[in-house]
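In: kindly return the folded structure for what I paste below:
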Amino acid sequence: MHPALGNLEIIYTICSYTQHGSLTALASTCRTFERPALNILWRHLQSLKPFIKCLPSDLFGSDQGRMVLQKPLNGEMWDTLFKYTSRVHSIAVTQSRRLTVIIEPLSLLMLSCPLAPAFFFPNLRKLTWFADGTHDAAEFLRAALVPSLLALDLQISSASSAFLFVISSLGTLCPHLQDMAVRIQNRTDDSFRRISPFITQPISQLHHLHALSVWDLGNQGVEHVMHLQALKSLCLDLGTLSACERKSHLQFPGFHDLDFLCLSTDTFKRVSNFLNSLRVVESKEIQVNFNFQAAHSSASGPTMLSQFFIILQERCDNDRLEGFTLVGISGKVQAKTGVLTPLQACRNLTRLSVEQGCDISISDEELCQLVREWPKLEVLKVSSYVADNSTTMPTLHGLIALLRLCPSLTSLALVVDATKLDGINLKCPGGGRCNKHLKHLALGNSPVGSSLHVALILSGLFPHLEQVNFDYGDRMQTMKKSAIERRESVQSFLSGFSIVRERYTE
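Out: Model prediction:
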């Protein structure tokens, strides 16, 4: 054998580049390759089927189309099973017709295990379960929830009592859990009301939890979450469990020392009420996912959006907040730039993104007034597509002023009126000022006049910009061919300028 194969690191490198289907053959080549090859083969499993396949075929039979155990496992079979399960670091299970056939005999195996259930997967780090919470699944889950587990991702459409009882023991079974996400596919009040107590109970025991994604667990559950000292990332779905609405006379201490807070909701009122129930939200970044469908048919949408921003500014730590993102899932809300004014109190803001579902009218003067308080801004996304022709858009004059007020911008998404170029010096559009940091520019469905002139201005303002992204939305079929060609020409000119610049600098 070549001396290089005596180096374990080289062996693992060879195994890591071996096709998954060939690892079994490689493991049987010699003892040198056996352990590394088996470690990689079993490290990450996308199915439960390998646990059945590693046992003798005569161990299982069929009864009315279902797999059943024919006989108990002897000591040698248990040793074989443990030889492989001890190598597993992650398991991902998704719902399929074959899952039921596999999970039933597997649960019987675990019931007959002569050792403690945790001995099945002593090195398991991550478990993903996107399937039903049946009684048999509970048996498997009981063996998979081990002290070594660090990440748990559950998505269930239904849950048996046995499954819920196992979940309620998470705090003691997985004391070192760091990342936890729980979702319910059957989104009804009854489902959330039934399952919530079993999730709420163990949360207070997960003292090492860094990231949590869950629905609104009610007042008691939210209080438990607030006491998790290690928590840095929290995602709450507030669009569920109407019986657990915040009560106005209750006020919680709030969330302290978070890096990321994400709130998902279907109404402005619900998220505003939630924030109003807190004394403070100390988070570096806040994201709000709105389903604007209800607001779309209501004239009160802009007013409630404005009230939300006022409450957000009152409750968040203005000195700590560095990033805010607003995402609309469906529908559109028409608003004016004044709705964002409360965020000007957050002087350390580096990222502001209004991604979808909200058309914000903004002039050149309003754009400058808005960003004047954010000299550290690096990412600005105010509009990516304007659906209403009555929406006011800034011009390239406003873009030049923005460059002066926010010199650290690296990413910008803004629909501008690129037809008004009067007064702009094409040779030196920024008056000697440019931004060499900007790498990403999205102009949405900005109207374009002269493609060459627009490209010259953009190239002069952003010398390192290689391309600009346009968004035609769902109206491309009805747009004039000349309008589409003008936008595409801007991109062609920018690419050509970039090539010439590179050759010149060489």
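
In: okay, now residue 375: neighbour count?
Out: 13 (other Cβ atoms under 10 Å). C-betas here are computed from N, CA, C, even on glycine.

In: what do you get for the one 5 residues further on?
Out: Counted with other Cβ under 10 Å, the neighbours of residue 380 add up to 23.

In: so it makes contact with residue 405?
Out: No: between residue 380 and residue 405 there is no contact under Cβ atoms under 8 Å: 10.5 Å.

In: which neighbours do those two have in common?
Out: Listed as contacting both residue 380 and residue 405 by Cβ atoms under 8 Å, 6 or more residues apart in numbering are residue 371.

In: got a pLDDT number for residue 246?
Out: pLDDT for residue 246: 51.

In: how about low-confidence regions in the stretch 101-250 of the chain?
Out: Along the stretch 101-250 of the chain, segments meeting pLDDT under 70 span 116-118, 189, 240-250.

In: which stretches of it form helices?
Out: Assigned by DSSP state H, counting those that start in this stretch, the stretch 101-250 of the chain shows helices spanning 135-144, 161-167, 170-173, 189-203, 218-226.

In: likewise for the stretch 251-400 of the chain?
Out: Taking DSSP H, counting those that start in this stretch to define them, one finds helices in the stretch 251-400 of the chain at 268-276, 293-296, 301-315, 364-371, 396-405.

In: what about residue 408, distance to residue 438?
Out: Relative to residue 438, residue 408 is positioned 10 Å away (Cβ to Cβ, to the nearest Å).

In: of the two, who's got more company?
Out: More crowded of residue 408 and residue 438, by other Cβ under 10 Å: residue 438, with 20 against 14.

In: excluding chain neighbours, what is closest to the more buried one?
Out: residue 462 (4.5 Å; Cβ to Cβ, 6 or more residues apart in numbering).

In: and if you look at residue 494?
Out: residue 455 (5.2 Å).

In: give me the distance between the residue nearest to residue 59 when sequence neighbours are not counted and residue 64.
Out: In space, and not counting its chain neighbours, residue 59 is closest to residue 70: 6.0 Å by Cβ to Cβ, 6+ apart. Applying Cβ to Cβ, the value for residue 70 to residue 64 is 15 Å.

In: who's more crowded, these two?
Out: residue 70 (12 against 5).

In: list phi and psi for residue 408.
Out: phi -100, psi 10 (degrees, to the nearest 10).

In: list the contacts for it?
Out: Applying Cβ under 8 Å, 6+ apart to residue 408 gives the contacts 350, 375-378, 437.

In: ok, now residue 402?
Out: 367-368, 371, 380, 409, 412.

In: between those, which is nearest residue 432?
Out: residue 409 (17.5 Å; Cβ to Cβ).

In: isn't there a helix covering the closest one?
Out: No: using DSSP: H, G, I helix; E, B strand; the rest coil, the assignment for residue 409 is coil, not a helix.

In: need the contact list for residue 151.
Out: Counting by Cβ under 8 Å, 6+ apart, residue 151 has contacts 125-127, 177-180.

In: pipe those residues into TSV and attach neighbour count and distance to residue 268 per row.
Out: Output for the contacts of residue 151, formatted as TSV (neighbours: other Cβ atoms under 10 Å; distance: Cβ to Cβ, whole Å):
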residue	neighbour count	distance to residue 268
125	18	40
126	16	36
127	23	36
177	23	34
178	18	33
179	17	30
180	23	28
